[in-house]
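Asker: compute the structure for the input listed below.
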Amino acid sequence: MLDERHREALRAAAEESPEIFRFLAFGGFERWFERSLAAEEEREVPFVVTVGGEVAGETRYLNIEREHRRLEIGGTWLRRRYWETGANAETKLLLLERAFESWGAMRVEFKTDARNARTRGSLLALGAQFDGIFRKHMIVSAGIRDSAWYSILDDDWPAVKERLRARLEARR
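Answerer: Okay, here's the model as predicted:
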């Protein structure tokens, strides 16, 4: 889990790829990091993503609704050099395994800025299903955001898991 000891390594990662904050709902690293430290574990759990021991970025569980067996995975960002390396797919596999197999989730949600074609493509490649667009959903540094929503259901999970494992195995 993310904590104060990760601040400088995450700052360095964020400085390498400043465009990552364009589509996020809060402007800049400091505001993002302070919000991350203040996250209430019952509703939000931030994680540091590492690759080969190097801090590569961050992801989190959001909007945890245990009574409805639903949660969101989001806020994910990685240093540019880890894009297209399988780091995101492996991170999602670990988070999805925990959500479905340990917590008993029925639904895992993802949302992104509707203008963020890269993330939208990644979510489809992951095996998430497109659920729709929430118009004028949020205000972000890039302006008023329409959010594209995706999900994976517990019924979908076995096929998604197999697909992710095959993608990762093909990279080795």
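Asker: shaky segments in this structure?
Answerer: The model of the chain has pLDDT under 70 over residues 22-27.
Asker: what's the longest helix along it packed up against?
Answerer: Ordering each helix of the chain by length in residues (DSSP state H) puts helix 157-171 first. On a contact count with 3 or more C-beta pairs under 8 Å, 6 or more residues apart in numbering; DSSP states H and E, helix 157-171 meets helix 87-97, helix 117-126. Just so you know, the C-beta spots here come from the backbone N, C-alpha and C atoms, and that holds for glycine as well.
Asker: try it again with 6 Å
Answerer: helix 87-97 (3 or more C-beta pairs under 6 Å, 6 or more residues apart in numbering; DSSP states H and E).
Asker: after the helix it packs on, which helix or strand is next?
Answerer: strand 107-113 (DSSP states H and E).
Asker: partners of that following strand, with directions?
Answerer: Using DSSP bridges, the strands paired with strand 107-113 are strand 70-78 (parallel), strand 143-153 (antiparallel).
Asker: CA atoms only for stretch 61-71, dumped as CSV, please.
Answerer: The C-alpha coordinates for stretch 61-71 follow below in CSV (Å, rounded to 0.1, in the frame of the first residue of the first chain):
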residue,chain,number,x,y,z
TYR,A,61,-9.3,0.2,-5.4
LEU,A,62,-12.0,2.9,-5.3
ASN,A,63,-15.6,3.2,-4.4
ILE,A,64,-15.6,0.0,-2.4
GLU,A,65,-19.2,-1.1,-1.8
ARG,A,66,-18.8,-4.4,0.2
GLU,A,67,-22.6,-4.7,0.8
HIS,A,68,-23.1,-4.7,-2.9
ARG,A,69,-20.0,-6.8,-3.6
ARG,A,70,-18.7,-4.1,-6.0
LEU,A,71,-15.6,-2.0,-6.3
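Asker: return the most buried member of the strands paired with strand 107-113.
Answerer: Compared across these, strand 70-78 shows the largest average neighbour count, a mean of 21 (mean count of other C-beta atoms under 10 Å).
Asker: who touches that one?
Answerer: Applying C-beta atoms under 6 Å, 6 or more residues apart in numbering, the contact partners of strand 70-78 are 20, 56-57, 59-64, 87, 95, 105, 107-110.
Asker: before we move on, what about stretch 43-60?
Answerer: Applying C-beta under 6 Å, 6+ apart, the contact partners of stretch 43-60 are 1-2, 6, 9-10, 13, 36, 39, 61-62, 64, 75-79, 82, 87, 91.
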